[in-house]
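Engineer: Sequence first, then the predicted structure:
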Amino acid sequence: TKTTGFCAHRRSAKGPDVAYRVSKDAQLSAPTKQLYPSSTFPEDFSILTTVRPKKGSQTFLLSIYNEQGIQQLGLEAGRSPVFLYEDQHGKPGPEDYPLFRGVNLADGKWHRVAISVHKQSITMIVDCKKKTTRPLARSVHPVLDTRGIVVFGTRILDEEVFEGDIQQLMIVADHRAAYDYCEHYSPDCEVPAQDLPQNQDPNTDEYSSLQTESKHSQIRECPLQIVSNNYSASTL
């Protein structure tokens, strides 16, 4: 159900940001091929989300499975978030999954979370300020299978499911997008809104040129958006 998002009052906007309240009954999944119909999952990428998990919760916000039902990627949002990643060679192993101690996303407050996956490292930027980098011991050319499914808010066999509010969830096929999250995708409340302050398709030249000016195409009102290698957006 719709609810008030990150900004209850945004400059020059007619109303508050729009978010979605997710209950235990919510079930949301899609074939990965539906999101990446003609491309592979990017080696380097960003996961961007504006989210307010239920206070004290510890659940997976996003899970991606391969054709055999093995979880290849997962983001656990709660106290000391965990990033799960397993490529075609089974790297890294569970004992090497990046753990972000000292970060609490389930304190009952809104958080803007940007994750940058680049080569053998992962960086989490919380609320545009707190930046933490961890090693990601994956293969030199990692591959994630796109013949499986994407699941929102849980893992297939988990009893726990995400509860809380979410305004935005994006996967962008460029690790640099995470560093621009609070400027290009989820700006401060003092920044005027453009129609709907939800997801924005990045300009095709946004990360391939030296231009600093931000240009966006159509803004979409949808909590999950996948931006593929050719920067066309799919939604779940």
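Structural biologist: It's in. Residues are numbered from 1 along each chain as shown.

Engineer: ok, residue 38 - how many residues close by?
Structural biologist: Here the count is done by other C-beta atoms under 10 Å, and residue 38 has 10 residues near it. For glycine as for every other residue, the C-beta is placed from the backbone atoms N, C-alpha and C.

Engineer: Kindly report the same for residue 155.
Structural biologist: When neighbours are defined as other C-beta under 10 Å, residue 155 has 18 of them.

Engineer: does it sit in a helix or strand, and which one?
Structural biologist: Remark: residue 155 resides in no helix or strand, with elements defined by DSSP states H and E.

Engineer: which ones are touching it?
Structural biologist: By C-beta atoms under 8 Å, 6 or more residues apart in numbering, the residues touching residue 155 are 60, 63, 71, 74.

Engineer: ok, now residue 41?
Structural biologist: By C-beta under 8 Å, 6+ apart, the neighbours of residue 41 are 32, 64, 143-146.

Engineer: From residue 157, how far out is it?
Structural biologist: Separation of residue 41 from residue 157 (C-beta to C-beta, to the nearest Å): 22 Å.

Engineer: Could you turn the buried ones of the contacts of residue 41 into a ChimeraX selection?
Structural biologist: One line in ChimeraX is enough to select the buried ones among the contacts of residue 41; burial here means 16 or more other C-beta atoms under 10 Å:
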select :32,64,144,145,146
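
Engineer: Could you tell me which of the contacts of residue 41 belong to strands?
Structural biologist: residue 64 (DSSP state E).

Engineer: Just name the closest of the contacts of residue 41 to residue 163, please.
Structural biologist: For the contacts of residue 41, the minimum distance to residue 163 (C-beta to C-beta) is 20.9 Å, reached by residue 64.

Engineer: helix or strand for the closest residue in space to the closest one that isn't next to it in sequence, which one?
Structural biologist: Leaving out its chain neighbours, the residue that sits closest to residue 64 by C-beta to C-beta, 6 or more residues apart in numbering is residue 73, at 4.2 Å. Using DSSP H and E, residue 73 sits within strand 71-77.

Engineer: List the strands paired with that strand, with their directions.
Structural biologist: Paired neighbours of strand 71-77 in the sheet (DSSP bridges): strand 59-65 (antiparallel), strand 82-85 (antiparallel).

Engineer: Pick the most deeply packed of those strands.
Structural biologist: strand 59-65 (a mean of 23; mean count of other C-beta atoms under 10 Å).

Engineer: same question for it, mean pLDDT?
Structural biologist: On average, the pLDDT along strand 59-65 is 95.

Engineer: So what touches that strand?
Structural biologist: Here strand 59-65 has contacts from 32, 41, 47, 49, 51, 53, 71-78, 84, 144, 148-156, 158, 160-163, 166, 169, using C-beta under 8 Å, 6+ apart.
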